[in-house]
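Visitor: Only the shape, not the letters, is given here:
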DNA sequence: GCCGTTTTCGGCCCGACTGTTTTCAGTCG
């Protein structure tokens, strides 16, 4: 059973306990355990079977037993029992924004509301207002929230690539406004998570009202909220809510830190602060005993007051950033400027939009020292296949392009399909002519975990495969990763010197940050690629870098931070 | 239910907002 399924069951049980009126700390414990299980890089089922699930922080003997029951029988007995007592639709009701467990339980006990449909009916018939403490406004909010759930689904999140450019545009325009002093993107966009649901902007201004007005007047603003002195909410034309907070310069660091999050990071930070007799909030750091409040203009000072080194936003998750900062063991993260080449580009030869010459010129003007053109291979289909003869011509074209050039080279490459039996769709003689071969799965995703793992391991063991592309095939929010044993793949990649790609296409980000950390810990060499299909998507390297940073990777762990001479030796065929 | 440089018991993050209240509980991030 996958960690996500175990986490889902624990999270559901938390809600059931909450509906049943359990003490809130028990509920919190289950929620926390669900989070830890979801984020575990190793199989929690296997850990539990070895009796080692208790090594996960937040999982004790009781939860380990429940996890074991779940993986053995498909259900947790206490959850089964509660489900007999409470209607299954009630868990859904608690997911309606503004309706929590307490309210849901009262709606069930007093009005018999047992599902989202019941809730809608009760609100429409104005029966909810008969309950003490709930009125017409609540009914109105419930109906609005139900409408939104129906419109877009409960968990609509936007890709980072949809949010970040808008956020940066707004920040940069507000910075240029004479009313502003400092403007920064905060929130999940600053942490470079895979998806975001809104934009948080933090600013200081000589004239806060004028800056708020500048945002309201911005051409990207479609729906304008109320303009107050602390901010002015807008929604952009592409449907992103923007939440600005404009504050005095002396607390800028506190506010930026708070609204960058993550929520889990802030919780951990406040817990640490309490052991030092300090209380942390967005307004400052209070000495509990004296009540004295310290405000800081920079985040570095905030962390410094808590005796921590500055923590990069990408590390502000429940992944050990605070512990590492306390021990002085934070990584020196890779940055966009460290990249010297890109090893996964398509051209018009297969499904790209630009020619070999256009792509190569774009790479050169970006300052890269090398670039691999890797069009699709012989079986690719959709009219984008490249037959062997055509690839041989392409190799000659690349040789001519490189002739007489210094300081920049194009590698003749291919993104070769890994067929269901693990074989490749060009013969070894042709693969041997190439400078660089990426092998990827593009078909037959729905085979067993065992079969998929063997399939990819066969490619890794091939002496002419330099790199594996987008290892799990996921499309964020649209297609789940296919079943594959990433730990085994990573170990074999490390053993054979086969590189593993972090694909920077913002829909993919594959390896994921979790898998990238697993791969790097196994000693595999990582390469950051864009999988660009045109000159306009070269900028996707920033998303590969984002995933690498969130995976704690340093430049040395990434092959294409090296100059050509060193990089070429790292290739399997170069050694 | 978990956990331990104040604890094997008694704690467990902080503040704003909302709708409904005469002082607050519930919800959210």
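Guide: Ah, there it is. Note that the structure is predicted; figures quoted are calculated from it, not measured. Numbering: from 1, shown residues only, chains lettered A, B, ... in the order given.
Visitor: check contacts around the residue of the stretch 401-550 of chain A found nearest DNA strand B.
Guide: Per Cβ to the nearest atom of the strand, residue A:477 is where the stretch 401-550 of chain A lies closest to DNA strand B, at 18.2 Å. Placement of C-beta: from N, CA and C, glycine included. Contact analysis of residue A:477 by Cβ atoms under 8 Å, 6 or more residues apart in numbering lists A:157, A:159, A:195.
Visitor: confidence score at the residue in the stretch 101-250 of chain A that DNA strand B sits nearest to?
Guide: Proximity of the stretch 101-250 of chain A to DNA strand B (Cβ to the nearest atom of the strand) peaks at residue A:135, 1.9 Å away. On the pLDDT scale, residue A:135 is placed at 90.
Visitor: partners of the least confident helix or strand in chain A by mean pLDDT, with directions?
Guide: Within chain A, no helix or strand scores below strand A:221-227, which has a mean of 70 by mean pLDDT, DSSP states H and E. Strand A:221-227 has these partner strands in its sheet, going by DSSP bridges: strand A:232-236 (antiparallel).
Visitor: Give the other helices and strands that the very next helix or strand once past the partner strand contacts.
Guide: Once the chain leaves strand A:232-236, the next helix or strand it forms, by DSSP states H and E, is strand A:241-247. Packing contacts for strand A:241-247, counted by 3 or more Cβ pairs under 8 Å, 6 or more residues apart in numbering; DSSP states H and E, involve strand A:198-205, helix A:208-216, strand A:232-236, helix A:252-260.
Visitor: Could you dump these into JSON lines and include mean neighbour count and distance to residue A:69?
Guide: Below are those laid out as JSON lines (neighbours: other Cβ atoms under 10 Å; distance: least, Cβ to Cβ, whole Å):
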{"stretch": "strand A:198-205", "mean neighbour count": "23", "distance to residue A:69": "39"}
{"stretch": "helix A:208-216", "mean neighbour count": "20", "distance to residue A:69": "52"}
{"stretch": "strand A:232-236", "mean neighbour count": "21", "distance to residue A:69": "46"}
{"stretch": "helix A:252-260", "mean neighbour count": "23", "distance to residue A:69": "39"}
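Visitor: Worst mean pLDDT among those?
Guide: strand A:232-236 - the lowest mean pLDDT of these, at a mean of 82.
Visitor: How about the stretch 251-400 of chain A: which residue is closest to DNA strand B?
Guide: Taking Cβ to the nearest atom of the strand, the stretch 251-400 of chain A has residue A:281 as its residue nearest DNA strand B, at 3.5 Å.
Visitor: So what's the residue count around residue A:49?
Guide: Each residue near residue A:49 was counted by other Cβ atoms under 10 Å, and the total is 15.
Visitor: To clarify, my last question referred to residue A:133.
Guide: That count, for residue A:133 with other Cβ under 10 Å as the rule, works out to 7.
Visitor: for residue A:574, same thing?
Guide: 14.
Visitor: repeat for residue A:323
Guide: So residue A:323, with other Cβ under 10 Å, has 13 neighbours.
Visitor: so which helix or strand takes in it?
Guide: Short version, using DSSP H and E: residue A:323 is in helix A:321-326.
Visitor: near DNA strand B, which residues of the stretch 51-200 of chain A?
Guide: A:54, A:57-64, A:96-104, A:129, A:132-138, A:141 (Cβ under 7 Å from any atom of the strand).
Visitor: Report the spatially closest residue to residue A:427, excluding sequence-adjacent ones.
Guide: residue A:388 (7.6 Å; Cβ to Cβ, 6 or more residues apart in numbering).
Visitor: Same check on residue A:87?
Guide: Excluding its sequence neighbours, the residue lying closest to residue A:87 (Cβ to Cβ, 6+ apart) is residue A:114, at 3.7 Å.
Visitor: Surely that neighbour touches residue A:89?
Guide: Yes - using Cβ atoms under 8 Å, residue A:114 is in contact with residue A:89, at 5.2 Å.
Visitor: re earlier: can you tell me the SS state at the residue of the stretch 401-550 of chain A closest to DNA strand B?
Guide: coil (DSSP: H, G, I helix; E, B strand; the rest coil).
Visitor: Please tell me how far it sits from residue A:320.
Guide: Residue A:477 is 27 Å from residue A:320, where distance means Cβ to Cβ, to the nearest Å.
Visitor: now residue A:394
Guide: Taken as Cβ to Cβ, the span from residue A:394 to residue A:320 is 45 Å.
Visitor: low pLDDT regions in chain A?
Guide: Within chain A, the segments meeting pLDDT under 70 span A:150-156, A:226-231, A:575.
Visitor: Nearest to the middle of it, which residue? Look it up for me.
Guide: residue A:194 (2.9 Å; Cα atoms, centre = their mean).
Visitor: and the closest residue to residue A:469 other than its chain neighbours, bridged to which residues?
Guide: Closest residue in space to residue A:469, ignoring its immediate chain neighbours: residue A:440 at 3.5 Å, by Cβ to Cβ, 6+ apart. Note on residue A:440: beta-bridge partners residue A:417, judged by DSSP bridges.
Visitor: surely residue A:440 meets residue A:470?
Guide: Yes - contact criterion Cβ under 8 Å: residue A:440 and residue A:470 qualify, at 6.0 Å.
Visitor: about what we covered before: next, the contact list for the closest residue to the residue of the stretch 251-400 of chain A closest to DNA strand B other than its chain neighbours, please.
Guide: Closest residue in space to residue A:281, ignoring its immediate chain neighbours: residue A:258 at 7.1 Å, by Cβ to Cβ, 6+ apart. Residues in contact with residue A:258 (Cβ under 8 Å, 6+ apart) are A:266, A:281-282.
Visitor: And those, which of them are buried?
Guide: residue A:266 (16 or more other Cβ atoms under 10 Å).
Visitor: okay, the contacts of residue A:258 in TSV with distance to residue A:120 and secondary structure next?
Guide: Converted to TSV, these look like this (distance: Cβ to Cβ, whole Å; DSSP: H, G, I helix; E, B strand; the rest coil):
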residue	distance to residue A:120	secondary structure
A:266	35	helix
A:281	38	strand
A:282	36	coil
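Visitor: Got the phi and psi for residue A:413?
Guide: Phi and psi for residue A:413, reported as degrees, to the nearest 10, are phi -140, psi -170.
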